[in-house]
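Chemist: I would like to see how this sequence folds:
(chains A and B)
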Amino acid sequence: MSEQEPIIVLENVCKYFGEFKALSDVNLTVQKGERIVVCGPSGSGKSTMIRCINRLEEHDSGRIVVGGKELTSEVKDIDAVRREVGMVFQSFNLFPHLKVLGNLTLALKLVREMPKPEARETAMRYLERVHIPEQADKYPSQLSGGQQQRVAIARALCMNPEVMLFDEPTSALDPEMISEVLDVMVELAEEGMTMICVTHEMGFARSVANNIVFMDHGEIVEANPPEEFFDNPKHERTKLFLSQIIGH
Amino acid sequence: MNFDIGLVFESIPKMLVGLGLTLELLILSSFIGLVLAVITLLMRISGRWFLVAPAVTYIYIFRGTPILVQIFVIYFGFPQFEFVRESVFWPFLREPFWCCILALSLNAGAYVSEILRGGMLGVDKGILEAASALGISKTQSFIYITSPIAIRLSLPAYSNDIISMTKATALASTVTLLDMTGVARTIVAQTFAPYEIFLSVAIIYMIMAWMIQKGFGMAEKRMSRYLKPAAG
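Modeler: Purely as a prediction, here's the structure:
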């Protein structure tokens, strides 16, 4: 089998917020079907990095290539990338004024120009995939956090992305709801979805990730498969982080 | 001097003769004002300096001057200029009714556009990011996401403005129009009982304000049904 073209490439990416260097020469390659977990202390640039991938943030230098298309400030390039990349946010960001079904079908109708019945059918299919089809006619405010996040995942999946980005998807959830969301993410991974996940859930990382990327101060300090990463961390900073996070 | 409460209640039906004109002034200028407000808002948020500058100037002038002065400038001032008297708008601008509509509409447009902008700024940025991430364009986002939410957020302030407008229509009486206040002033001139007469017209304005408030309250409730119910 010939070497596959990686689905995401970040090459020497730098990003500044004013004077502050948020990303410092970040290099990352993601193959199709890979599951990458990104971890690190607060302010390390993890969210900034994945937000650069779908242009919610603009990188200042370096190259970002998604699905073979380079990400520039051209609107059509940005749109092309966003069609391939789905994102799930820490604060769910569901549209409050639309019911669950409406949340899922809005982009289908506006972006894919799908007719209503087809959009509805697609939406129900993904709602079933995240195990909450009965919530279709509720408003987001009537759902629990775990259910809302699953709706958010279904909403992103409806657009049939090649890659899913997760920005601390369980950080805003009560502990008892974390597993219902992680379970959905594990199922996605098992189905072969390419995923980049910023998370503190190390159990999830250990069982699902192909590669764990540790970031600190805007740099990728270490990137290794889980066994190597947890059992044999190379850098001091990584060891420090792991000792802080895996105590309890 | 004794207070003739009977006169207060007798006069109410007489005042209602002016109600038609009051409502005409209110409804027409509110409607035109809303259209102006939306146009002004779009200009203001366009980011293009040649649209933003006129919008901001317009808002500044009409929020910065009393409506009474605006009416006087249009009704008394404009006819001084030959180009106004000879323009195609003259049949309108010579009529006190249209002068009032012009002043009230321009005023409403300025205030309401800022109210709508306030509503817009209240929309959670996170959901707009989610829309971007889904590939929804900025225009589509504005129509399907920002607008419904901004309108709901604007309702309390907007209802406030409508009630202000109701009272502002009373200024039409200063340029010969017989709205409710105009009728009241006429009756006062006949009966020499300003206290009772103005009290009765005040009662009618209060009832109108109460009805407007109730109506908007119902609209707000309806538009807020998707919000999280208060804890407890």
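
Chemist: where's the residue nearest to B:V35 when sequence neighbours are not counted, which helix or strand?
Modeler: Spatial nearest neighbour of B:V35, excluding adjacent residues (Cβ to Cβ, 6 or more residues apart in numbering or on different chains): B:G109 at 7.8 Å. Using the backbone N, CA and C atoms, a C-beta is placed for each residue, glycine as well. B:G109 is located in helix B:96-121, with elements delineated by DSSP states H and E.

Chemist: and that helix, which residues are buried?
Modeler: Of all the residues in helix B:96-121, those buried under the rule 16 or more other Cβ atoms under 10 Å in any protein chain shown are B:96-117, B:119-120.

Chemist: what about the biggest helix by length in chain B, average pLDDT?
Modeler: Longest helix of chain B, by residue count under DSSP state H: helix B:194-223. Throughout helix B:194-223, pLDDT has a mean value of 92.

Chemist: Show me what that helix packs onto, helices and strands only.
Modeler: Packing contacts for helix B:194-223, counted by 3 or more Cβ pairs under 8 Å, 6 or more residues apart in numbering or on different chains; DSSP states H and E, involve helix B:5-15, helix B:147-168, helix B:180-191.

Chemist: Identify whichever of those lies nearest to A:Q135.
Modeler: For the helices and strands packed on helix B:194-223, the distance to A:Q135 is smallest for helix B:147-168, at 21.0 Å, taking Cβ to Cβ.

Chemist: For chain B, what lies in contact range of chain A?
Modeler: Residues of chain B lying close to chain A (Cβ under 8 Å from any Cβ of the partner chain) are B:124, B:126-127, B:129-137, B:140, B:144-145, B:148-149, B:152, B:225-229.

Chemist: Strands - which of those residues land there?
Modeler: Among these, no member falls in strands (DSSP state E).

Chemist: taking those one by one, which sit in helices?
Modeler: Under the assignment DSSP H, the residues of chain B next to chain A contribute B:G126, B:I127, B:E129, B:A130, B:A131, B:S132, B:A133, B:Q140, B:P148, B:I149, B:R152 to helices.

Chemist: what's the farthest-apart pair in the residues you listed?
Modeler: Taking Cβ to Cβ as the measure, those span a maximum distance of 23.6 Å, between B:A133 and B:R152.

Chemist: neighbour-wise, which of those two wins?
Modeler: Neighbour totals were compared for B:A133 and B:R152, and B:A133 leads with 25 against 21 (other Cβ atoms under 10 Å in any protein chain shown).

Chemist: what's the helix or strand A:F241 falls within packed up against?
Modeler: Assigned by DSSP H and E, A:F241 belongs to helix A:236-245. Using 3+ Cβ pairs under 8 Å, 6+ apart as the contact test, the elements touching helix A:236-245 are strand A:211-216, strand A:219-224.

Chemist: most tightly surrounded among the ones you listed?
Modeler: Using mean count of other Cβ atoms under 10 Å in any protein chain shown, the stretch among the helices and strands packed on helix A:236-245 with the largest mean neighbour count is strand A:211-216, at a mean of 24.

Chemist: Would you map the strands across chain A?
Modeler: Listed in chain order, the strands of chain A (DSSP E) span A:8-17, A:20-30, A:35-39, A:61-66, A:69-70, A:85-88, A:163-167, A:194-198, A:211-216, A:219-224.

Chemist: Sheet-wise, list the partners of the second one with their directions.
Modeler: This points to strand A:20-30. Using DSSP bridges, the strands paired with strand A:20-30 are strand A:8-17 (antiparallel).

Chemist: between the partner strand and strand A:61-66, how many degrees?
Modeler: Relative orientation of strand A:8-17 and strand A:61-66, computed by axes from the mean of the first three to the mean of the last three Cα atoms, to 10 degrees: 140 degrees.

Chemist: C-alpha coordinates for stretch B:189-206, PDB please?
Modeler: Provided in PDB are the C-alpha atoms of stretch B:189-206 (Å, rounded to 0.1, in the frame of the first residue of the first chain):
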ATOM      1  CA  ALA B 189     -59.200  77.200  26.200                       C
ATOM      2  CA  GLN B 190     -63.000  76.800  26.400                       C
ATOM      3  CA  THR B 191     -63.400  75.600  30.000                       C
ATOM      4  CA  PHE B 192     -60.400  77.300  31.800                       C
ATOM      5  CA  ALA B 193     -59.900  74.000  33.700                       C
ATOM      6  CA  PRO B 194     -56.400  72.900  32.700                       C
ATOM      7  CA  TYR B 195     -55.800  70.600  35.600                       C
ATOM      8  CA  GLU B 196     -58.900  68.400  35.100                       C
ATOM      9  CA  ILE B 197     -58.600  68.400  31.300                       C
ATOM     10  CA  PHE B 198     -54.900  67.500  31.200                       C
ATOM     11  CA  LEU B 199     -55.400  64.900  33.900                       C
ATOM     12  CA  SER B 200     -58.000  63.200  31.800                       C
ATOM     13  CA  VAL B 201     -55.800  63.200  28.700                       C
ATOM     14  CA  ALA B 202     -53.000  61.800  30.900                       C
ATOM     15  CA  ILE B 203     -55.300  59.000  31.900                       C
ATOM     16  CA  ILE B 204     -55.800  58.000  28.300                       C
ATOM     17  CA  TYR B 205     -52.100  58.100  27.500                       C
ATOM     18  CA  MET B 206     -51.500  55.900  30.600                       C
END
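
Chemist: Spell out which residues of chain A are next to chain B.
Modeler: Within reach of chain B by Cβ under 8 Å from any Cβ, chain A has these residues: A:54, A:56, A:79, A:82-83, A:85-87, A:89, A:91, A:93-99, A:106-107, A:110-111, A:139-141, A:152, A:155-156, A:159.

Chemist: are any of these buried, and which?
Modeler: A:54, A:56, A:82-83, A:85-87, A:89, A:91, A:93-99, A:106-107, A:110-111, A:139-140, A:152, A:155-156, A:159.

Chemist: Of those, which belong to helices?
Modeler: Reading helices off those with DSSP H, I get A:R82, A:R83, A:L106, A:A107, A:L110, A:A152, A:R155, A:A156.

Chemist: I figured the second one was touching A:A156, is that so?
Modeler: Spelled out, that is A:R83. No - checked against Cβ atoms under 8 Å, the pair A:R83 and A:A156 is beyond contact range at 11.8 Å.

Chemist: For B:M223, grab the count of nearby residues.
Modeler: With other Cβ under 10 Å as criterion, B:M223 counts 16.
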